[in-house]
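In: sharing a model prediction with you, sequence too.
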Amino acid sequence: MLDKLEEQIIRLDGVISAKISLKDDGEIDEIHVVSHKSRNPKNLVRDIETLVHINLSKEIDHKKISIAQLNIKEENNSSKYRIEIISINKLYNRPICELHLYLGGLEFKKRYEGQIYETIQNLVAQTVINSLTDILPVNIQLELKNMFFTGINNEIILIELFWITINDGFIRREPLIGTAYVKNELPMAVGQALLNAINRKIHILLAD
């Protein structure tokens with residue numbers, strides 16, 4: 001029943017992820033939710049209270065509902081190269097990421113279904129890489145090499161990948177590195193780091 005409730009909460013408008021923590025007696029201790037800043041947290045709390053009542057036939061103290069909001073949308077809408085993480089949720093325990101990718105005035109949408117064990121940062125990275133692979137010429141591929149946190153407080157994410165060019169059977173693997181500050185917005189930081197790594201290459205392709 002609680003798995004169903006958690007899934008329904010994740011499906012609420014504006015919700016990115018949700019986790020229900022329980023007391024030793026099996027009662028709900030707290031509901032942790034990450035949502036878009038575009039969603040009014042008070043309205044979201046009311047929606048969650050309604051779902052709890054419908055599923056469990058009991059009321060829940062609104063103080064047990066914790067809402068953390070992320071601003072996952074780029075502020076500069078005129079940017080030619082940007083990523084918008086639309087949603088990160090679960091379907092049948094498998095993580096799913098949806099995004100909009102903007103390149104040179106063109107908009108692309110992508111949905112990637114990850115593995116049960118996949119981390120948020122890997123889920124977003126694979127979604128971006130799959131999106132770019134679909135957009136780039138067929139002789140160009142991207143391969144994720146490494147991704148880790150650095151800085152005094154692990155506040156920087158660094159991503160290494162290969163830009164692979166295939167011409168007449170000859171394969172060239174060019175290493176690229178991109179970084180971004182996390183600032184409590186891990187999904188967006190992953191996307192920004194990837195674009196930071198490949199923007200110059202993308203710009204040259206679009207210019208051609």
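Out: Here it is on my side, so go on.
In: lowest mean pLDDT among the helices and strands of this protein, which one is it?
Out: strand 81-91 (a mean of 64; mean pLDDT, DSSP states H and E).
In: next SSE downstream of that strand?
Out: Sequence order places strand 94-103 as the next helix or strand after strand 81-91, per DSSP states H and E.
In: any low-confidence regions in this protein?
Out: Applying pLDDT under 70 to the chain flags the ranges 1, 70-92, 103-106, 184, 203-208.
In: all helices of it, in order?
Out: All helices of the chain, identified by DSSP state H, fall at 2-10, 41-56, 120-135, 186-207.
In: so which of those helices gets nearest Ile156?
Out: helix 186-207 (8.6 Å; C-beta to C-beta). (Each C-beta comes from the backbone N, C-alpha and C, glycine too.)
In: list the buried residues for the closest one?
Out: Using 16 or more other C-beta atoms under 10 Å as the test for burial, helix 186-207 gives 186-198, 201-202.
In: how much space between the residue nearest the centre of the chain and Gln121?
Out: When C-alpha atoms, centre = their mean is applied to the chain, the residue found nearest the centroid is Pro187 (3.9 Å). Separation of Pro187 from Gln121 (C-beta to C-beta, to the nearest Å) stands at 8 Å.
In: how about Gly191?
Out: With C-beta to C-beta as the criterion, Gly191 and Gln121 are 10 Å apart.
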